[in-house]
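Participant: Return atomic coordinates for the entry below.
(4 chains)
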Protein chains: 2
Amino acid sequence: MARPSNFDRDNAVQTAMQEIWSAGFDASSVKAISEKLGITRSSYYNAFGTREALFKEALAAYFAQSPDRILYTDVSNVPILTLLTSTLRDICASRAQDPEARGCLAVNCLCEKADTKGDPIGDLLIDSILTSAARLEELLTIAVSRGELPAETDVHGKALALQNLIIGISAFSKAVHNKADLWLTARTTLEGLGLYSEE
Amino acid sequence: MARPSNFDRDNAVQTAMQEIWSAGFDASSVKAISEKLGITRSSYYNAFGTREALFKEALAAYFAQSPDRILYTDVSNVPILTLLTSTLRDICASRAQDPEARGCLAVNCLCEKADTKGDPIGDLLIDSILTSAARLEELLTIAVSRGELPAETDVHGKALALQNLIIGISAFSKAVHNKADLWLTARTTLEGLGLYSEE
DNA sequence: TCTGTTTTGTCCATATGTGTATAAAACGAA
DNA sequence: TTCGTTTTATACACATATGGACAAAACAGA
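Facilitator: Take a look at the predicted model:
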C-alpha cells in the first residue's frame, strides 16, 4: 500500500492556477509553486511531472471557471445575441471586480511568452484562442440560420472582431479598472457590430 | 578627461528595446542585456542605472517607432477617420509582418506584470494606455466638431472601443499571423463603430 | 609625468532556481 | 513483522542572477 499524499492534488492545481494567474508563468517556478503549496519540490515533480504539464492542467482549470465557458454549452434554446451580450457583460464584471486586476490568464501568458512559435505552451495558448474564435463563428452562423442576424452577415469577420474584443477587454482591464468604462467599451463595440441584445 | 565609452548608448537602448520586445521584461535581466550588448554588468549599471530606468528609455524608443505615433502629430489638415483607418491598417500590417509575432511591447509588458498597482513600471504602462485613449477621444472630438462624425456621437465610448481594438489586435496578432484576418478584424470593428474611411 | 574623471573588469556575498538520485517515511495487505 | 509501493525529505552538482565594492584602464588637460 502506497504512502498517501499530504495534499489534495485538485486543490493544488487550483492554487497553482491562481498563482500563475497572479504572478505569470515565468514567475511560477517549481520552487515558487512548491512553496505556495507547502510541499517540497520532490512532491511537485511526483504529482505534476513538469512545469508544462502543470500549466496545462492549470489552464484547463482556469477555463473551467472562466466567464466565457457558457459559450460552449448547448445553445438550442438560447438567443445567440443575448448569450453573447450577457457573456461580455460577465467578462467585464469579472475583470472589474478582480482586486488584483489580473486580466485573463491565457492572454497574459500568451503576451508573456517570448517566441511563441514552436513552444508547446505557446502553441497551446494559440490553439485555445483560435478554438474560441472558431466557436464564436459557429455561434454567429447559428444566429444567421435562426434569423437573428442578416443572411449576408460576414460571420468570419464578426467572429474575429468579437474574439478581438474579448482579448482586448482582458488586457485593457489591467489599465481601466472601473466596470462602467469596461462595459461601455464592450457595449459600444457590440452595438457597432450589430451583436448587442439585452433580451 | 574621462575614459570614453566602448559602446554607443543610443544604439544600446535600441538593442535593449528590441530584446525586451522579443523576450519580455522579466527575461531581459541585467546579465542578459549586458551579454546582448557585449558589455559588462558594470557598464550596464554605469550607463543606465537600473533595469527600470533602462525600461523607461526603451519604452520611449519603442513608441518613437510605433505605427500609432502619427496620431500625436498635427491633424489640422487630415481627416480624422482616414487617419484612424490608415493607422489601424499600419498596425495590422506591422504586426503581421513581424517574423517573431511579437505583438506590442507595451501590451506584452502590461500583461506580463503580476500586480500592476503600485509598481512603477506597471504605472508607466497603464499611464501610456490611458494617455493613448485620451488622445483618441480628442481626435474623435475634433472629428465631431468638423462634422466627420454625428454631433450625438458618444466620443468617450468610441474612444474606449477604439483603444480596446488596438490593444486587442496586438495580443491577437500573436495567435493570428495572417495580415488579411488581422485587417478584417480591424476593419469590421471600425466599420461597426462608424470610424472607417478609406479616403 | 601627474591629475581628475569616467569606464571597464573582477570579485564578493547573496539569492533564486533546476533535475536527478537516493534514503527515509508512511501506509495497507499478507 | 515483513513486504511492496508511493510519497516526502535531503543532498548533489549545476545554472542564472543581483548590487556593491574596488582596482585597473583609458582618456585629455595641465
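Participant: any idea whether whichever residue of chain A sits closest to DNA strand D is helix, strand or coil?
Facilitator: Closest residue of chain A to DNA strand D, CB to the nearest atom of the strand: A:Ala2 (2.5 Å). Where C-beta positions appear, they are placed from N, C-alpha and C, glycine not excepted. Here A:Ala2 is coil, with the state taken from DSSP: H, G, I helix; E, B strand; the rest coil.
Participant: Which residues belonging to the longest helix anywhere in chain A are considered buried?
Facilitator: Longest helix in chain A, counting residues (DSSP state H): helix A:120-145. Neighbour counts over helix A:120-145 (16 or more other CB atoms under 10 Å in any protein chain shown) mark A:121-122, A:124-126, A:128-129, A:132-133, A:136-144 as buried.
Participant: And for stretch A:179-187?
Facilitator: Buried-residue list, stretch A:179-187, by 16+ other CB under 10 Å: A:179, A:181-187.
Participant: wait, does it make contact with chain B?
Facilitator: Yes: Stretch A:179-187 lies within reach of chain B by CB under 8 Å from any CB of the partner chain, at A:181, A:184-185, A:187.
Participant: Pipe these into JSON lines and attach secondary structure and pLDDT per row.
Facilitator: Output for the residues of stretch A:179-187 next to chain B, formatted as JSON lines (DSSP: H, G, I helix; E, B strand; the rest coil; pLDDT from 0 to 100):
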{"residue": "A:Asp181", "secondary structure": "helix", "pLDDT": "98"}
{"residue": "A:Leu184", "secondary structure": "helix", "pLDDT": "98"}
{"residue": "A:Thr185", "secondary structure": "helix", "pLDDT": "98"}
{"residue": "A:Arg187", "secondary structure": "helix", "pLDDT": "98"}
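Participant: circling back: next, the residue of chain A closest to DNA strand D: phi, psi?
Facilitator: Dihedral angles of A:Ala2 (phi, psi; degrees, to the nearest 10) stand at phi -80, psi 150.
Participant: burial of it, as a residue count?
Facilitator: A:Ala2 has 4 neighbouring residues, counting by other CB atoms under 10 Å in any protein chain shown.
Participant: Quick check: it vs A:Asn46, distance?
Facilitator: With distances taken as CB to CB, to the nearest Å, A:Ala2 is found 11 Å from A:Asn46.
Participant: If you tally nearby residues, what's the number for A:Gly168?
Facilitator: As a burial measure, A:Gly168 scores 27 neighbours (other CB under 10 Å).
Participant: remind me which residues of chain A are low pLDDT?
Facilitator: Residue ranges of chain A with pLDDT under 70: A:114-118.
Participant: what about the helices in it?
Facilitator: Secondary structure of chain A (DSSP H): helices located at A:9-23, A:30-37, A:41-48, A:51-64, A:80-96, A:105-112, A:120-145, A:155-172, A:179-193.
Participant: what's the angle between the longest one and helix A:80-96?
Facilitator: Taking axes from the mean of the first three to the mean of the last three CA atoms, to 10 degrees, one finds helix A:120-145 and helix A:80-96 inclined to each other by 140 degrees.
Participant: and the buried residues of stretch A:179-187 as CSV, adding distance to B:Ser42?
Facilitator: Shown next, in CSV, are these (distance: CB to CB, whole Å):
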residue, distance to B:Ser42
A:Lys179, 48
A:Asp181, 46
A:Leu182, 46
A:Trp183, 51
A:Leu184, 50
A:Thr185, 47
A:Ala186, 50
A:Arg187, 54
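Participant: Considering those residues, which is situated nearest to DNA strand C?
Facilitator: Closest approach between these and DNA strand C, by CB to the nearest atom of the strand: A:Leu182, at 32.1 Å.
Participant: Is the closest one in contact with A:Gln97, as I believe?
Facilitator: No: the pair A:Leu182 / A:Gln97 is not scored as a contact, 10.4 Å apart, by CB atoms under 8 Å.
Participant: which residue sits closest to A:Ile70, ignoring its sequence neighbours?
Facilitator: Once flanking residues are discounted, A:Ile70 sits nearest to A:Thr87: 6.2 Å by CB to CB, 6 or more residues apart in numbering or on different chains.
Participant: Pull up the residues of chain A that are close to DNA strand C.
Facilitator: Taking CB under 7 Å from any atom of the strand as the contact definition, chain A meets DNA strand C at A:1-4, A:27, A:29-32, A:41-42, A:45, A:50-51.
Participant: Now list the buried members of these.
Facilitator: Buried among the residues of chain A next to DNA strand C (16+ other CB under 10 Å): A:Arg51.
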